[in-house]
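Here is a sequence together with a model predicted from it:
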Amino acid sequence: MKFSVEKLVQGSCRLGVLRDVGKLKNQTVETPFCLLYTRGGSVPNLSNDTLGYVQDLPPVALMPLNVLAEHHETVQEYGKGIAEFTVMKDFLVCCTMQDPCTAAPSGYNDKTSVALWGRSGKMKVDPELFVKVQEAFQPDWFQCLGDADTCKTSSKKRTKKAVDNTLNFLDEILSKRKSSQTLQKMALFGSIGGGFSQFERERSAKETVARNVEGFALEGFQNDGEEFCQFGDKDFVDILSLTLKHLPEDKPRMMCAVLRPDVVLQAVRAGIDIFDTSYAYAATEKGHALVFDYNYHTPSEEVKDSDETKMSTPATESGFTINLGDKKYRDDFGPLLAGCKCFTCKTNTRAYINHLNNVTELQQGILLMIHNLHHYLGFFSALRQSLREDKFDQLEALIAQQKPHSPDR
Amino acid sequence: MAAKHSALSLKILAECPVTKARACEMKLPHALVKTPVFMPVGTQGSLKGLVPDQLRDLDCRIILGNTYHLGHRPGPELLEKAGGLHSFMKWDRALLTDSGGFQMVSLLKLAEITEEGVKFQSPHDGSEMLLTPEHSIEIQNAIGADIIMQLDDVVSSTVSGPRVEEAMHRTIRWLDRCITAHKRPHDQNIFPIVQGGLDENLRRQCAKELIKRDVPGFAIGGLSGGESKEHFWRMVTVSTDELPNSKPRYLMGVGFAVDLVVCVALGCDMFDCVFPTRTARFGCALVRTGQLNLKTKLFAKDFRPIDGDCKCSTCAKYTRAYLHTVATNETVACTLLTVHNVAYQMSLMLAMHTSIIEQRFPECVQKFFEDMFPEKNYPDWAVKALASVNIVLK
C-alpha cells in the first residue's frame, strides 16, 4: 500500500491518495474516505442483491474480527479468503479488531491475548491465533492485534498496560510476519492507543512509528460501542491532534468508530484519512434517517447537473437525522429526504417507513440502511470536494449549524 | 356463468387428463398470474426481509396482506390516503387480503361470534369491538387488493357438532352481506369461502349455495388447522368437486410442498402460507428433499449452495457454510433464506404449471415424491389422495 498527501488544507486537513492496495493494482482511492462497515461479513441488513441498490460504494469493506474470528477454521478450509466466503469479493477487505457498533466487555485483555466477543462468547486471541486468523482470511489489509480497552475514565495503570500490550503484540506480529508469505502481502496498520493520556498517546505514537507498519489505526478513546458523543469534546480533539503530530505524513491514519458528521470533520481537521460507515448503521438501528445538508455551495455556485446536492434542510428539526418512529411521519407521503436519489427515496415514503417502524418489520432496516449509506457516502464525497475546492470551512459551518441540541440525533 | 362485475378472468391453458389439476392464466387488475400459484404472505404490508424489487426478481406476481393487521396499523384511513396498499408499499403487482376473521379467532381468545359479526376485545385498549361483514369489506376496499375475502364464521377444524353447521349457514348469510357492502366490484374480486368443517355433506351443501352467487372465484377455508390429513384431503376434494371449473379455487393456509402437490392434483389453483417465509427466518431452507436447518453444525463446512439447481440469487452466490454463520444471527440471513424459500415455492408451482401444460403432471408428481421420500415411505394420506385422482405412486 502506498499513500501520499496530495494537498494539505488549512495546515492539517489531508486530501490524499491510496495506491497499490491489495487487488486494486491500477485503481486509486481518494482520502478522506469511508470503509464499508460490515458485521459477520455482510453490510448489516443488506444481501449482495440489496447492497447492489446502493451506488458508488467504497472499494474497501471493513470486517471487524469479533464475530468473524471464530469461523477462521472454516474459512481456512474454504481456502479463498474472507472476501469470497462472505460474498464480498468485489471489495478489498480491511480486518480490524473490535466492532465499532458493539460494546466489548471491559477487563478481559492481558499480556498474552486480547478478548474478542463473538456469537459463542469470548475468544482469547494471542499472536499465534491472530496470525492463523489472518492467514485464513487473507484480507488486503489488517489492523495489528491490539489492546484498545481504554476510555476517558481509564486508570493510568490500565492505559499504560494497554499501550504496553499493544506494542508487544505488534513486535510479535512483525516477527511472525517475516515467516508468513501471506501476511507479507497484506498491509499492516499499527494500533495507536493511550486513552486520554497525553503521555501514553505520545509514547504509543512514537513507538509505533519506529516500527515497520504501513499505516495507523487510532483507537482506545471509548470502549463501550456507543456513538462517539464525547468525540465532540475538546479533550478528544486536543488529544487526537496531538497524537497525529507524531505520525509521518506519508502514511494513512484510520479511525473506525460511529462518528457523527461534525465529529468526522473534527477528525479530518486533526488529520485522519480513513473512516467507516458504522454511523449509517447506528442510525438505522435507531430507526433514524440521515437528512443533514452537506451541500456547502452557496446557491450561486451550485454545481450544475448535481441535483443530488440540492437538498432541502429539514426546516422543523435540528439534528442530523429524523426519527422515523415519530408519529408526525404517519401521513407524511414525502421521501425520507427531498431530492435524494437513493433507491429508498425514489419510491418509498416516510409514512410507509413509519408504518414499518411501528410494526417492527425487517424491511425498515433494509430501506433505512440503503438511504443512510447513500447519504453518509455522499457526505464524504462532498467532504473531499470541499477540500479540493478549499471550501472546507463552508462545509464545517454548514454542518455546525445543524448540530443537534440533544446528543442522540 | 361469468360474473357480472368481475375484475378477474381465468383462462384454462390445460387440464391434466388424469387428475383434477389444471394450468391457468388468471388476469387480475395488477397482474397476470400463472396457476397453480403460491402466494407469499406479507402480513403487515411487507414481506418480511424483502423489498418489492426482490419479489419482482423472483417473478412473484401476487402476495397476501392481512386485513386484521392492516386494519389496525396503519389503518384504513391512512391506506385510503396513501391510495391503497399497492401504492403505500410500492407493490405494483397483485394483492390478496383475507377478511380478518381468522386472525380474530386465532389470535384473540376472547372473540365471540354473533349474527352481527365477530365481537372481540381490542388487544390494545381492551375496549369491545365488533368486526362485521360490512366492516371487513370496508377495510378491504380501503386496502384495495385485487382479491378480497368474505368474512366467514371460522370454526376450528377440530370442532364438530351443530356449531359447524351453524357456522356454515352463517358464512353464507355473511357472504350476502359482504357482496352488498362491496363498493369496488369493478376492480376488486370478492371470493366466498367454502366452510363446513370436516363434514362432507356440509361442505357440499355450502359450496352448492355459494356457487349460486355471482362471484369471480372461490376459496376453501377452515382447513389446515390441526385436523388429520385424511380429513384434510377429503374435504379439499369434495369442495373442488362442487366448485365450477371456470373459476379459480383458492385453498387457504396451505403451503407445505407435499400438500401443495397433492392439492394441485385435487384441483386447487391458489395457495398461501406463512411457513416458507417463517421457516426461513428460523434458518431453514427448503429443498427438493425436504429442508435444511442451516443452524446445525452439519453445514459449518459445507461450501455448496443450498441447492445447486436453484436459480435464486442466494444459491448463485452464497454457500451453506456462510449461511450457517449468519442464520438467525444477522438480519441479512432472513433476506437470503427468504429469497431462496420463495424461489423454491415459485419453482415448484411453475414446474407443476408447465407439466400440466405438457401433459405430464402425473410424472411430475411421481418425481416430486421420489425426491422428497427417497425411501418411498410416502405418507399414507398422500398416497390415498393421489390414488383418488388416478395417480398411483410407484
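That came through fine.

and A:L129, what does it touch?
Residues near A:L129 by Cβ atoms under 8 Å, 6 or more residues apart in numbering or on different chains: A:S113. C-beta coordinates here come from the backbone N, C-alpha and C atoms, glycine included.

how close does it get to A:Q143?
Between A:L129 and A:Q143 the computed distance is 15 Å (Cβ to Cβ, to the nearest Å).

Over to A:A400?
Going from A:A400 to A:Q143 by Cβ to Cβ gives 31 Å.

Comparing the two, which shows the higher neighbour count?
In terms of neighbours (other Cβ atoms under 10 Å in any protein chain shown), A:Q143 is the more surrounded of A:A400 and A:Q143; the figures are 27 against 11.

The more buried one touches A:T96, doesn't it?
Yes: under the criterion of Cβ atoms under 8 Å, A:Q143 makes contact with A:T96 at 4.4 Å.

Mind listing the shared neighbours of these two?
Here A:Q143 and A:T96 share the contacting residues A:A217, scored by Cβ under 8 Å, 6+ apart.

Mind checking what secondary structure the residue in chain A sticking out farthest from the centre has?
Outermost residue of chain A with respect to the C-alpha centroid, by Cα atoms, centre = their mean, is A:D331; its distance is 34.5 Å. Secondary structure, DSSP: H, G, I helix; E, B strand; the rest coil: A:D331 is coil.

Quickly note the distance from the residue in the stretch 101-250 of chain A positioned nearest to chain B to A:Y279.
At 5.8 Å from chain B, A:R119 is the closest residue in the stretch 101-250 of chain A, using Cβ to the nearest Cβ. A:R119 sits 24 Å away from A:Y279, going by Cβ to Cβ.

And for B:F120?
B:F120 is 44 Å from A:Y279, where distance means Cβ to Cβ.

A:K178 now?
38 Å.

So between these two, which is more surrounded?
A count of neighbours by other Cβ under 10 Å puts A:Y279 above the other of A:K178 and A:Y279, at 28 against 8.

so the more buried one is in which element?
If you go by DSSP states H and E, A:Y279 is part of helix A:278-285.

in its sheet, what does the next helix or strand after that helix sit against?
Downstream of helix A:278-285, the first helix or strand assigned by DSSP H and E is strand A:288-290. For strand A:288-290, the paired strands and their directions (DSSP bridges) read strand A:321-323 (antiparallel).

Show me the helices in the stretch 151-300 of chain A, by range?
Under the criterion DSSP state H, counting those that start in this stretch, the stretch 151-300 of chain A contains helices at A:156-177, A:181-184, A:198-209, A:234-244, A:261-270, A:278-285.

Contacts for the fifth one next, please.
What it means is helix A:261-270. Counting by Cβ under 8 Å, 6+ apart, A:10, A:12-14, A:32, A:228, A:231-232, A:236-237, A:240-241, A:244, A:255, A:259, A:275, A:279, A:292, A:294, A:320, A:379-380, A:383, A:387, A:392, A:395-396, A:399-400, A:403 sit against helix A:261-270.

do that again at 7 Å, thanks
A:12-13, A:32, A:228, A:231-232, A:237, A:240-241, A:244, A:255, A:259, A:275, A:292, A:320, A:379, A:383, A:395-396, A:399-400, A:403 (Cβ atoms under 7 Å, 6 or more residues apart in numbering or on different chains).

and what of the last one?
Residues outside helix A:278-285 that contact it (Cβ under 7 Å, 6+ apart) are A:37, A:44-45, A:100-101, A:227, A:256-260, A:290, A:321, A:365, A:368-369, A:372-373, A:376.

how about CSV for the helices of the stretch 151-300 of chain A, with mean pLDDT added?
CSV is the format used below for the helices of the stretch 151-300 of chain A (pLDDT from 0 to 100):
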stretch, mean pLDDT
helix A:156-177, 98
helix A:181-184, 95
helix A:198-209, 98
helix A:234-244, 93
helix A:261-270, 95
helix A:278-285, 96
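
Return the most buried member of these.
The densest packing among those, expressed as mean neighbour count by mean count of other Cβ atoms under 10 Å in any protein chain shown, is seen in helix A:278-285 with a mean of 25.

Quick check: residues of chain A near chain B?
Contacts of chain A with chain B, taken as Cβ under 7 Å from any Cβ of the partner chain, map to A:39-40, A:42, A:45-50, A:71, A:74, A:77-78, A:85-87, A:119, A:330-331, A:333, A:347-348, A:351-352, A:355-356, A:358-359, A:361-363, A:365-367.

From the residues you listed, which land in helices?
Among the residues of chain A next to chain B, the ones falling in helices (DSSP state H) are A:48-50, A:74, A:77-78, A:85, A:347, A:351-352, A:355-356, A:358, A:362-363, A:365-367.

Going through these, which ones are buried?
Buried members of those, counted by 16 or more other Cβ atoms under 10 Å in any protein chain shown: A:48-50, A:74, A:78, A:85, A:351-352, A:355-356, A:358, A:362-363, A:365-367.

follow-up on the earlier one: which of the helices of the stretch 151-300 of chain A sits closest to B:N201?
For B:N201, the closest of those is helix A:278-285, at 56.4 Å, according to Cβ to Cβ.

and residue 72, how many neighbours?
In the absence of a named chain, chain A is used. 21.

try again with chain B
The burial count assigned to B:H72 is 18, neighbours taken as other Cβ under 10 Å.

host element of the residue nearest to it when sequence neighbours are not counted?
Spatially, and ignoring its direct neighbours in sequence, B:H72 is nearest to B:H124 (7.7 Å; Cβ to Cβ, 6 or more residues apart in numbering or on different chains). Assigned by DSSP H and E, B:H124 falls within no helix or strand.

Grab the nearest non-local neighbour of the residue of the stretch 151-300 of chain B found nearest chain A.
In the stretch 151-300 of chain B, the residue that lies nearest chain A is B:A300 (5.9 Å; Cβ to the nearest Cβ). Of all residues not flanking B:A300 in the chain, B:H324 sits nearest, at 5.3 Å (Cβ to Cβ, 6+ apart).

One more: A:T243?
Of all residues not flanking A:T243 in the chain, A:R201 sits nearest, at 4.5 Å (Cβ to Cβ, 6+ apart).

Wait, that neighbour touches A:K245, no?
No: taking contacts as Cβ atoms under 7 Å, A:R201 lies outside contact range of A:K245: 10.2 Å.

Indicate the residue of the stretch 101-250 of chain B located nearest to chain A.
At 12.0 Å from chain A, B:H124 is the closest residue in the stretch 101-250 of chain B, using Cβ to the nearest Cβ.

What is the burial count for residue 250?
Since no chain was named, I'll use chain A. Around A:D250 sit 11 other residues, with neighbours defined as other Cβ under 10 Å.

right idea, wrong chain: chain B
Per other Cβ under 10 Å, the neighbour tally for B:Y250 reads 25.

now swap in A:V21 and tell me
Neighbour count for A:V21, taken as other Cβ under 10 Å: 22.

mind checking pLDDT for the residue nearest to it when sequence neighbours are not counted?
Spatial nearest neighbour of A:V21, chain neighbours left out: A:M1 (5.1 Å); criterion: Cβ to Cβ, 6+ apart. pLDDT, A:M1: 91.

since we're on A:M1, how many residues are nearby?
A:M1 has 19 neighbouring residues, counting by other Cβ under 10 Å.

next one: A:V87
By the criterion of other Cβ under 10 Å, A:V87 has 19 neighbours.

Only the buried residues of stretch A:395-403, if you could.
Buried residues in stretch A:395-403, counted by 16+ other Cβ under 10 Å: A:L395, A:E396, A:L398, A:I399, A:Q402, A:K403.

of those, closest to chain B?
Of all the buried residues of stretch A:395-403, A:Q402 has the smallest distance to chain B: 29.2 Å, by Cβ to the nearest Cβ.
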